[in-house]
Every structure is written in C-alpha cells, then in structure tokens.
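Asks: Could you look at this predicted model? Sequence included:
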Amino acid sequence: MIRALSIAIPIAGLFALLGACGGAPRSVQHFAASAYPAHLSDWGVIGVADDRLALSAGFLPYDLNTPLFSDYAHKLRAVWLPTGTHASFSADGVFDFPVGTIISKTFYYPRASAPEGALLRNEDSSGDFSGEGLDLRKVRLIETRLLVRQESGWDALAYVWDAAQQDATLEVAGDIKPLDLVSADGTVHPLNYVVPTRNECANCHATDHASGKIHPIGLAARHLNKTYEHYADGAAPQLQRWAERGYLDHSETVATANALWRAGADDDIESRARSYLDVNCGHCHNPRGAADTSGLFLNAGETSARRLGVCKPPIAAGRGTGGRHVSVMPGRPDESILIYRVGDTDPGIMMPELGRSTVHEEGVALLRRWVESLPGVCA
Amino acid sequence: MRMSGKFVAACAVLGVIGGCGQQQTATPSASPADYEKTLRMQLETAKSGDVITIPEGTFPMTRSLVLSASGVTIKGAGMDKSVLSFKGQIAGAEGLLVNASNFIIEDVAIEDTKGDALKVNDGSNIVIRRVRTEWTGGPSTQNGAYGIYPVMTQNTLVEGSVAIGASDAGIYVGQSQNVVIRSSRAEFNVAGIEIENTIGADVHDNVATNNTGGILVFNMPDLKQPGHNTRLFNNQVVGNNTKNFGAEGSAVASVPAGSGVVVNSNDNVEIFDNTIGGNNTANVLISSYFSVTYSGERKLADTFDPYPEGIFIYGNTFSKGGGAPDRPALQTLRQAMFGADGNLPDIVWDGIVNNDKFVEGRLPTALSICVDNGAADIVNVDNANKNANPKIDTAAHRCQLEKLPAVVLPESSATS
C-alpha cells in the first residue's frame, strides 16, 4: 500500500553557517552549468572544521546494500533536495529527483598508523564517523563527486581534496593519485587512484548509453532498502527516513532489496553475487548500457542464464578472454572469462574498465563461489 | 604565450568567453609531457563545431581519452606526424573512446594502447580518415584487441587508414549499419578487416596483407542484430599467413593462419573484382558457425542463424593459395585430393547447409553460395562428417545472385 506523506519539510539553508572558503559548511548554493565553482566549499555541501568533515544541514546520508567497489575507498554518500520538493519513488529503477537536487559522494580511506602517509585497505567504515560526518583525524579525504540535477539533466563533477584536507578543487580532466594501502597483514599495496574525468563519469552514469544522459545509479529502492547506521539519532530504515524527511513522495512498505554482498550475510550466494554484479557491472552491462555491444547483461533484472554469461562465448573481449571460451562456465571459475576479468588489473583486460586499479579480492571470491555453485555443463 | 592548465580549466568551466573561442587549437609550444592534460581538457569540454588540432610530435598518454560531445573534429598533422603514444598507459580500456555522433578524426596515429586504440560506441555519421593505429612491437597476444573499432554506429566511413598489430582485428566494424571501408591498409593483425553483425558494408580498394586472416565477414550469436549485405571489391588480399596470435577463446583465435577472405555465418556477401592470393590455408573460406572451434560452445541461441547464405563470388583474380593449410584436417585433405605439392582450390567451404530450407532437395539459389569466377573452384570439405567425403563442387555452385546495392553515405561523410 502506498501512503502519502506531507511532513517534515527540509530545513536546509536555514542553518547557514558562515565560514571562509574551506571552513564549516555554509548553506547550499546553486550554480548554472556554465559557472560551476572551482572549489567544493562554494557549494556549501560539506565543510571542514575542527578535524571534522560535516554535511551541510538538510543533507541526508545514505548507503547501499551492495556498493560499487572503488579500490577499497570508503564512501560518505548524501543527498539534498530543495525545500518543499521530493523524489518520485520507483519500484524498479532510480528515483526521479527534482531540479536542484545535489548528490554527494566523498571517497576517503582510513589512515594507517604506519608507514607514514599510508592508508588502510579494509571495508569497515564503522570507525570513520563523527556524528553524521567524518573524523578527519582518522581518515584521509581523496575526492568528492557531485551529481547536480539541472533543468537539462544531471551533471557530474569531481572535486579533489587538497593535502591539507581543507578544500577540494574541481578537476574536469580527472586526476591520478598514487596511494599506499596497507592490508590487515601489514602488506603495503601501491595504488594509482584514478579520479574520473567528466566524460568518464558518463561512462558509468550514462546507463542508457545511446541517450548519453547521466543518471544516479545507487539511488534505487533495491539498493537503498536497508538500515542506515549513522544518522545523528542512530540507526533507522533508510526508505522510511527518506519518507519521514519528505524526500520521497511515498514509501512502499514492501520494496525489493538487493542482497548484501558481504561474507557472513544471511542471503544465499546467488543473491549476493547477483547484487554484486548488478551494482558493479549492470550500469554498462544492461540492454541499454555501453556494454550492450557484448550481449552480456548483468543487471538485477536479467533472467536469462545465457545473457548472464552462462556458456556464452565472448564477442569482442580480445585478450580479455584470458584463454577462456565462455563468460561463465558453470562450476568452473577458472574457465570463466568473467572471473578472469574481475581478477585482473591490466587496463586492457580488467572489468569494470573504470573505477579500480586493484583487485577486489573479497568480491572476486564471492563471484568464484557463485560460479562454483552453478549447475550444469555447457553443451 | 602558453596558457596554464589551470586557466584553461577555469575558462572552460566558468564559461568565460574571452580567450576561449569556439575554435580550440593546440598550443604550438606544448611540451609532450604537458600535452596530455591540454588535449584531455579540450576533449572534456568540447562542444559541437569544435576542431581540436593535434600538433606534430609524439605525445605520451597515461590514460584513455574520452569524447562525449557530438559534432567534434579531431585533426592532426599526419598519421606519421601526430602520434598519441599509450606505451605508458595505466588506466582506461581504450586509447580514444568516442561516445558521440557527427565525429571526424583525421591524420593522427594512436599507438600501443593497452586495450582498443580507437573505439566509437553508439554514434552516427562517423569519419575516420588517414588514421593509423599500431602496436609498434609487432604481433603479440599482449597487444590490444582492436585498432579502429566503430561499434553500433550508423553511417561510418573509414578511409586512407592503417591498422597494424591488433591482437584481434585491425579495422573492426561491429553491429553497425551503412559502412564504407576504403583505401585502407591492414597488416600484421590477427584479422585485418572484420565486418561483424553489420548491415550494409562496402569494403573496397583496401590492402590486407600479412594478417592471420585478411578480411572477415562474421556473424556472432547473442547480439541484437544479425549482419547481412556486405560487398568486398577491388581489394588486395594477399599473403595473410601470420601465425594466429589472438587470445584463445576470442572468435578470431579460430581463424587459421593463411586465410584470405573468411565468411562465417553471415548472409548476402558479394566478393568481386579482388586480387586474392598467396593465402596458405585458403584464398576464400566460407563456413557456418559450427565449423569454428568456439570450444565449449556448440549450443546456439534459438534465434541465431549459423549458416552462410547468399554468397556470390565473381570476377576476382586469384593466385595460388591453399598450399599449406593451418589445420591438420585440411592439410591431410589437401594431400589426399591434390597431392603432396598440390593446393586447395581458391574457395574452401565447410559444406554445412540448412536442410530445413531445402526446396525440392536443394537450397534455393538466393540462399546458395554462387561461384562464377572463371577457373576458380570451390571445394566442399564436408566438415559435418569429419571431412569423410570432400569434393570439388564447382558445377553445383555455378550460379549468379542479384547484385547488392552500393552503400550510400550522407554527403557530409562521403566527401574527402
């Protein structure tokens, strides 16, 4: 049943904190596409003060059942809607957001105690927070990406944080940041962290490739339908909180939910793997995405085993085959092209093509278990 | 005076007009090391009507270049003068990725990319003129897959271009409509020129030599669009005998070294007035999907037509090929039928036909392989029965098909 909500008008902007460039967040500002500011602080989206990254008032933090892997970066996501507006709920797709919406995603790593300047390679963000923001004594900010809803559609902007962690600068042409990540066993993993260019943002976010239009990816019910742990007042179900806040026009009591990908989750391997494939691959590998050229569709809605790669030969994989003959060979991860490509870091081989330069070992392990679990043989 | 990168960025982002005209030109004094960011900014902020000029020089690139704006022209000083070198590439699956229409690129070289060199995905009215894509270390499985790679395009012209060293196809047009590839050269690739799942392609006046296979016309399953209507004419397809260096599992890895023209599973292919010779497996190979060793995959999607139908071969000048086939079964067959020093006929066919389409015991002419090429013979190697009953089958294939219409590109593309 659908219930209408008309409560809790967003109060963003009322708590405009004054501050110089790079200080605590001010009120949210809007800019024409021709006049995007060079500094993130000018947006009033987030700000830095007292060793803390704080979201501007009215920004609602969120996370996803299964996130996109981005070289083990942790992410602080938040969304802001203009006063009196709301997004339109969709059971299947991304919510429809009003003009003026700003979505922010800040990529950061927890700091390692040693070696000097190194960062931690883990996926536990529980210690990162200070209120709804981040404790900058514990984490190092890398970049903040904004999706801004203009009249003409969404624009994607990437701001790269300075060494002093005071402000971030717009980089239309992207950036490459060499980082050292330290895993739990003390191994140091050097990494070229790639900040996407504006056009590269579209490589993933133009989920309907022919249109070229950018859309959010994670802001769909199946990704958001979960409890968020780090609201100022504690944990709460996200969709319910969105509805209470007036950010959604209604909330379905029963919405689909993608599985949590992580080991230890209750969901079965199939659900976890499909959730992982959906968010990591489905933005291109869908019937309208950039990878529709491959005939391999890994989005959540796909039901054909063949289109999911089972016993399917590659089309234009080139050396991405790794000498293997089909995308997914049931029961045999080492004979599956999909496993080869997610497990490599050569730009000419790896999948996804963008957004990582390390292997997501835990993710690959999940996909291997999925392939192992698949019955049958290729005739 | 040289503009700093920061100024260029601010200029484009803030839309300040002064100093940022519509016509973007390369900075003459750009040092090779700084040029990557300059070019990237031009591509990232490009608008319809922009002409981005690449100066003379060799410019190292560390990551893919991406163009998303339609109506942009990229123009270099010559395919041997303006070189984008991706030898040090650390990110991105292409050299230049174009997600746009009304795109022209001329007089540029793209070298040593980790993946594909020039990919144009999902655009209309594409012109690729005098562009060279090359892996400079020669044939290697470690080379990127495709050189010039328009896919899902409409109205595409590739002319005067050169593709060397691709570990899949040098010039590959996939899932497109209305394509002309002319006056280009493909050398030392696994597949020289490949037309795949494409409707309406004219491939003419090209040179394909020293590839594993010269010119391929393929259909693959699982795609939205089966291809048909390809004309190959006035090409030189000679001496394509380079050992197959494609990655196992890729479709072209199944192409025997020494293949001149290969038609696989595709329909309505007209091969005429070409010079084809010295291809040691066969000057022309015609096969169904069943004969290609896409190992592990024999079950076909229900909607896929695996048979080559409506193939018309005439007026070609053949010279000796088929003397040393790169398949043991064909080698044995050659010796048994033609003697130790003999050659396979110019046209080698797997002999697999779709019995469901027989009318009065045979395929209708329109679905047949027609050979009307003087003394050139066609041999049916009877792949369906493990080559048990191979035979010269020229008489049965002496027929003619209605000629295919020429591909007509819009004015804007066709004029050089």
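Replies: Thanks, I have the structure now.
Asks: in the stretch 201-350 of chain A, which spans are helices?
Replies: A:221-224, A:238-245, A:269-281, A:337-342 (DSSP state H, counting those that start in this stretch).
Asks: Of all those helices, which one comes closest to chain B?
Replies: Ranking the helices of the stretch 201-350 of chain A by their distance to chain B (criterion: CB to the nearest CB) puts helix A:337-342 first, at 6.7 Å. Placement of C-beta: from N, CA and C, glycine included.
Asks: So the closest one, near chain B or not?
Replies: Yes - taking CB under 8 Å from any CB of the partner chain as the criterion, helix A:337-342 and chain B are in contact, through A:Ile337.
Asks: Which is the succeeding secondary structure element to that helix?
Replies: Tracing the chain past helix A:337-342, the next element assigned as helix or strand by DSSP states H and E is helix A:361-373.
Asks: just to revisit the earlier point, please convert the helices of the stretch 201-350 of chain A to a markdown table, extending it with mean pLDDT and mean neighbour count.
Replies: Supplementary listing: these in a markdown table, determined by pLDDT from 0 to 100; neighbours: other CB atoms under 10 Å in any protein chain shown:
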| stretch | mean pLDDT | mean neighbour count |
| --- | --- | --- |
| helix A:221-224 | 94 | 24 |
| helix A:238-245 | 92 | 20 |
| helix A:269-281 | 96 | 23 |
| helix A:337-342 | 98 | 24 |
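Asks: Using TSV, please lay out those together with distance to B:Thr303.
Replies: Supplementary listing: those in TSV, determined by distance: least, CB to CB, whole Å:
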stretch	distance to B:Thr303
helix A:221-224	30
helix A:238-245	40
helix A:269-281	24
helix A:337-342	22
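Asks: Report the contact partners of B:Val179.
Replies: When contacts are counted by CB atoms under 8 Å, 6 or more residues apart in numbering or on different chains, B:Val179 is found next to B:150, B:153, B:156-158, B:173, B:195, B:198, B:200-202, B:407.
Asks: and it, how far is that from chain A?
Replies: With the distance defined as CB to the nearest CB, to the nearest Å, B:Val179 ends up 15 Å from chain A.
Asks: Could you check which helix or strand contains that residue?
Replies: Taking DSSP H and E as the criterion, B:Val179 maps to strand B:177-182.
Asks: what about dumping the CA coordinates of that strand to PDB?
Replies: Only the C-alpha atoms of strand B:177-182 are listed here, as PDB (Å, rounded to 0.1, in the frame of the first residue of the first chain):
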ATOM      1  CA  GLN B 177      24.600   0.000 -40.400                       C
ATOM      2  CA  ASN B 178      25.900   1.600 -43.500                       C
ATOM      3  CA  VAL B 179      29.600   1.300 -43.500                       C
ATOM      4  CA  VAL B 180      32.300   2.100 -46.100                       C
ATOM      5  CA  ILE B 181      35.900   1.000 -45.500                       C
ATOM      6  CA  ARG B 182      38.100   2.000 -48.400                       C
END
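Asks: Show me what the mean pLDDT comes to for that strand.
Replies: Per-residue pLDDT over strand B:177-182 has a mean of 98.
Asks: Ok, stretch A:112-121 next?
Replies: Stretch A:112-121 shows a mean pLDDT of 90.
Asks: returning to what we had before: check which element follows the strand holding B:Val179 along the chain.
Replies: On the C-terminal side of strand B:177-182, the nearest following helix or strand under DSSP H and E is strand B:185-187.
Asks: got a list of contacts for that next one?
Replies: Strand B:185-187 has contacts (CB under 8 Å, 6+ apart) with B:147, B:161-164, B:170-171, B:192-193, B:206-211, B:214.
Asks: From those residues, which land in strands?
Replies: Taking DSSP state E as the definition of strands, those contribute B:147, B:162-164, B:170-171, B:192-193, B:207-209, B:214.
Asks: Top of the residues you listed by number of neighbours, please.
Replies: The member of those that has the most neighbours, counting by other CB atoms under 10 Å in any protein chain shown, is B:Gly192 with 36 neighbours.
Asks: how near is it to chain A?
Replies: Going from B:Gly192 to chain A by CB to the nearest CB gives 15 Å.
Asks: Also B:Ile105?
Replies: Going from B:Ile105 to chain A by CB to the nearest CB gives 16 Å.
Asks: quick check, that residue in a strand?
Replies: Yes - inclusion of B:Ile105 in a strand is indicated when DSSP: H, G, I helix; E, B strand; the rest coil is applied.
Asks: Domain parsing of the chain, as residue ranges.
Replies: Picked chain A for this. Per automatic domain parsing, the domain ranges recorded for chain A read A:2-252, A:269-373.
Asks: I was after chain B.
Replies: Chain B breaks down by automatic domain parsing into domains covering B:21-92, B:115-414.
Asks: Which of those comes out lowest on mean pLDDT?
Replies: Out of the domains of chain B, the stretch the model trusts least by mean pLDDT is domain B:21-92, with a mean of 89.
Asks: Export the domains of chain B as TSV, with columns for distance to A:Gly295.
Replies: Listed next are the domains of chain B as TSV, based on distance: least, CB to CB, whole Å:
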stretch	distance to A:Gly295
domain B:21-92	23
domain B:115-414	4
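Asks: Against B:Ala396, how distant is B:Asn389?
Replies: 14 Å (CB to CB, to the nearest Å).
Asks: Phi first, then psi, for A:Tyr108.
Replies: phi -150, psi 170 (degrees, to the nearest 10).
Asks: residues touching it, list them.
Replies: Shown in contact with A:Tyr108 (CB under 8 Å, 6+ apart): A:73-76, A:128, A:134, A:139-142.
Asks: First-to-last residue distance for stretch B:64-76?
Replies: Stretch B:64-76 has its terminal residues 18 Å apart, counting by CA to CA, to the nearest Å.
Asks: Check stretch A:339-358 too.
Replies: The separation between the terminal residues of stretch A:339-358, taken as CA to CA, is 14 Å.
Asks: What of stretch B:382-397?
Replies: In stretch B:382-397, first residue to last residue: 15 Å (CA to CA).
Asks: What is the neighbour count of A:Lys177?
Replies: A:Lys177 is surrounded by 13 other residues when neighbours are defined as other CB under 10 Å.
Asks: Write down the beta-bridge partners of it, one by one.
Replies: Beta-bridge partners for A:Lys177, by DSSP bridges, are A:Tyr193.
Asks: Isn't it up against A:Glu171?
Replies: No - with contact defined as CB atoms under 8 Å, A:Lys177 does not reach A:Glu171; the gap is 10.5 Å.
Asks: Common neighbours of those two, please.
Replies: Residues within reach of A:Lys177 and of A:Glu171 at once, by CB under 8 Å, 6+ apart, are A:160, A:195.
Asks: Which residue, other than its chain neighbours, is closest to B:Lys81?
Replies: The shortest distance from B:Lys81 to any residue that is not its chain neighbour, by CB to CB, 6 or more residues apart in numbering or on different chains, is 4.5 Å, and that residue is B:Glu56.
Asks: which among the ones in strands among the contacts of strand B:185-187 gets closest to A:Ala54?
Replies: Of all the ones in strands among the contacts of strand B:185-187, A:Ala54 sits closest to B:Gly147, with 50.4 Å by CB to CB.
Asks: give me the number of residues near the residue in the stretch 1-150 of chain A that chain B sits nearest to?
Replies: With distances taken as CB to the nearest CB, the stretch 1-150 of chain A approaches chain B most closely at A:Ser34, which sits 3.4 Å away. One way to gauge burial is a neighbour count; for A:Ser34, by other CB under 10 Å, it gives 11.
Asks: This completes my enquiry, with thanks.
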